[in-house]
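[1] I would like to see how this sequence folds:
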Amino acid sequence: MPAAPATELLDARPDGRAVERTRPVRLGDVDRRGRLRLDATARYLQDVATDDVAETPLNGAYTWVVRRSLIEVQTPAILDEALTLTTFCSGTGRCWAERRTSLVGSRGASIEAVSLWIRIDPATGGPLSLGDDFSEVYGAAAGGRRVSARLQLTDPPADAIRRPWQIRRVDIDPLNHVNNAAQWACLEEICAEQRCGRRGVAEIEFLAPVDREVTLELCVAPDVSPAGCSAWLVGDGRTCTALRWTSAVTPT
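    Now for the predicted structure:
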């Protein structure tokens, strides 16, 4: 049976393709205490993934959307810290691929991430199978490991606490949807309110596109606490995004 998607933080294979980039943590990427936010981390993951593909014959031939991501913050990155990002393919499925990324900082930051990306037809939005050209580039890195596309997070409970969630124009990407990185702001909001801290595991799943025209609600599980929380973006009665935070240590 294929492995569950974007749940395991595997090491890179020595004979597979891996791409490395460096970047500093900038002022617009941190919280009020100078620590790297989840939405900024997600943008870093997008950028290094884009850089990777841009160097291959697949550039321009494949269109991808994120289905699920997991970010484990072991030691938070801080303002002006230099980060080294290393990314590689850690598994494949019929129409999807799993991507691992490690972020290591010059001042001790340690963040691990894994995401499931679905290949789509840009004209229809439907899934497209990975081709032999993908295997030629990433097959050695994946090492034959197969992953599924099944999701892990639950639906919102009936007693979830609901409130409006406003979409901004700056959140919209060229596909006319709310960019996946912008949706991490929901979890940032809840975690900040509950003083959850910065060490722990964050998960997000994208069940349906979030359109600007849809009236959205942010639903929060009633058992939210500093130890963790679950939240959902719901539009017109449909769950669009599911998020979960699990703290690793007692927050400070």
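[2] which one is Thr63 nearest to, not counting chain neighbours?
    Closest residue to Thr63 in three dimensions, ignoring its sequence neighbours and counting by CB to CB, 6 or more residues apart in numbering: Pro122, at 4.5 Å. Every C-beta, even on glycine, is put in place using the N, C-alpha and C of the backbone.
[3] number of nearby residues for that neighbour?
    In terms of burial, Pro122 registers 10 neighbours under the definition other CB atoms under 10 Å.
[4] Asp80: what's it in contact with?
    By CB atoms under 8 Å, 6 or more residues apart in numbering, the contact set of Asp80 is Pro24, Val25.
[5] checking it next. Helix, strand or coil?
    In terms of secondary structure, Asp80 is coil; the call rests on DSSP: H, G, I helix; E, B strand; the rest coil.
[6] would you list the phi and psi of it?
    Listed backbone geometry of Asp80 is phi 70, psi 0, with angles given as degrees, to the nearest 10.
[7] what of Trp64?
    Torsion angles at Trp64 (phi, psi; degrees, to the nearest 10) stand at phi -120, psi 150.
[8] hmm, it is touching Asp121, no?
    No. The criterion here is CB atoms under 8 Å, and Trp64 misses it with Asp121 at 11.5 Å.
[9] pick out whichever of these two has more residues nearby.
    Neighbours per residue (other CB under 10 Å) separate Trp64 from Asp121, with Trp64 holding more: 18 against 10.
[10] wait, what's in contact with the closest residue to the more buried one other than its chain neighbours?
    For Trp64, ignoring the flanking residues on the chain, the nearest one in space by CB to CB, 6+ apart is Trp117 at 4.5 Å. For Trp117, the residues meeting the contact criterion (CB under 8 Å, 6+ apart) are Ala49, Trp64, Val65, Val66, Arg67, Trp96, Ala97, Glu98, Arg99.
[11] list the buried ones in stretch 61-77?
    Of all the residues in stretch 61-77, those buried under the rule 16 or more other CB atoms under 10 Å are 62, 64-73, 76-77.
[12] which of these lies closest to Asp155?
    In terms of CB to CB, no member of the buried residues of stretch 61-77 lies closer to Asp155 than Arg68, at 15.1 Å.
[13] what strand or helix carries the closest one?
    Arg68 is part of strand 63-75 when elements are defined by DSSP states H and E.
[14] next secondary structure after that strand?
    Going C-terminal from strand 63-75, and assigning secondary structure by DSSP H and E, you next hit strand 82-92.
[15] what's the first helix or strand after that next one?
    Proceeding C-terminally, strand 82-92 gives way to strand 96-105 as the next helix or strand, assigned by DSSP H and E.
[16] that next one: how far from the chain's middle?
    Relative to its parent chain, strand 96-105 has a centroid offset of 10 Å by CA atoms, centre = their mean, to the nearest Å.
[17] from the contact counts, what lies against it?
    Strand 96-105 makes packing contacts with helix 38-54, strand 82-92, strand 110-120, helix 132-142 when contacts are defined by 3 or more CB pairs under 8 Å, 6 or more residues apart in numbering; DSSP states H and E.
[18] before we move on, back to that, quick one: mean pLDDT over the strand holding Arg68.
    Along strand 63-75, the predicted local confidence has a mean pLDDT of 96.
[19] please apply the same query to stretch 49-56.
    Per-residue scores along stretch 49-56 average to 96.
[20] now swap in stretch 218-232 and tell me
    Stretch 218-232 shows a mean pLDDT of 91 in the predicted model.
[21] who touches Gly93 in this structure?
    Pro2, Pro5, Leu130, Arg146, Val147, Ser148, Ala149.
[22] try 6 Å
    Val147, Ala149 (CB atoms under 6 Å, 6 or more residues apart in numbering).
[23] give me the phi and psi for it.
    Comment: the main-chain dihedrals of Gly93 come out as phi -140, psi -160, following degrees, to the nearest 10.
[24] give me the pLDDT value at it.
    pLDDT, the model's per-residue confidence, is 97 for Gly93.
[25] ok, Gly237 next?
    If you check Gly237, the pLDDT there is 89.
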